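Engineer: this one's structure only:
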């Protein structure tokens, strides 16, 4: 399935926090669609809860990733299909 979303987006995972002992991020496993433009900029398409806003902005929104990873969140895929962005 190809996603033809008309605004800028990237694949991202939820970040629940940063470990105090070694400063490593604690991430979820599900690949979400992170919107980078519009009124919902910085939010996941499916509406997944952002538990740690600072870590989310540092590790998801403000980083450049060119990795071709697969979106695995079924709710994000369903919303993209409802908006006719999935081919």
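Structural biologist: It's in. Predicted model only: the values in this text are computed from it and were never measured.

Engineer: For the residue sitting furthest away from the middle of the chain, give its distance to residue 14.
Structural biologist: If you look at how far each residue of the chain sits from its centre, by CA atoms, centre = their mean, the farthest one is residue 21, at 25.8 Å. According to CB to CB, to the nearest Å, residue 21 stands 21 Å off from residue 14. Backbone N, C-alpha and C define where each C-beta goes, glycine included.

Engineer: any idea which helix is longest in this structure?
Structural biologist: Longest helix in the chain by number of residues, with DSSP state H as the criterion: helix 74-82.

Engineer: who does that one touch, helix- and strand-wise?
Structural biologist: Counting contacts by 3 or more CB pairs under 8 Å, 6 or more residues apart in numbering; DSSP states H and E, helix 74-82 is packed against strand 32-35.

Engineer: Packing partners of the strand it packs on?
Structural biologist: Going by 3+ CB pairs under 8 Å, 6+ apart, strand 32-35 lies up against strand 9-12, helix 74-82.

Engineer: As a markdown table, the ones you listed with mean neighbour count and mean pLDDT would be great.
Structural biologist: Shown next, in a markdown table, are the helices and strands packed on strand 32-35 (neighbours: other CB atoms under 10 Å; pLDDT from 0 to 100):
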| stretch | mean neighbour count | mean pLDDT |
| --- | --- | --- |
| strand 9-12 | 21 | 90 |
| helix 74-82 | 16 | 94 |
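
Engineer: ok now do residue 85, which residues does it touch?
Structural biologist: Applying CB atoms under 8 Å, 6 or more residues apart in numbering to residue 85 gives the contacts 3, 4, 5, 6.

Engineer: Equivalent analysis for residue 43, please.
Structural biologist: Counting by CB under 8 Å, 6+ apart, residue 43 touches 34, 35, 50.

Engineer: ditto for residue 8
Structural biologist: By CB under 8 Å, 6+ apart, the neighbours of residue 8 are 35, 36, 37.
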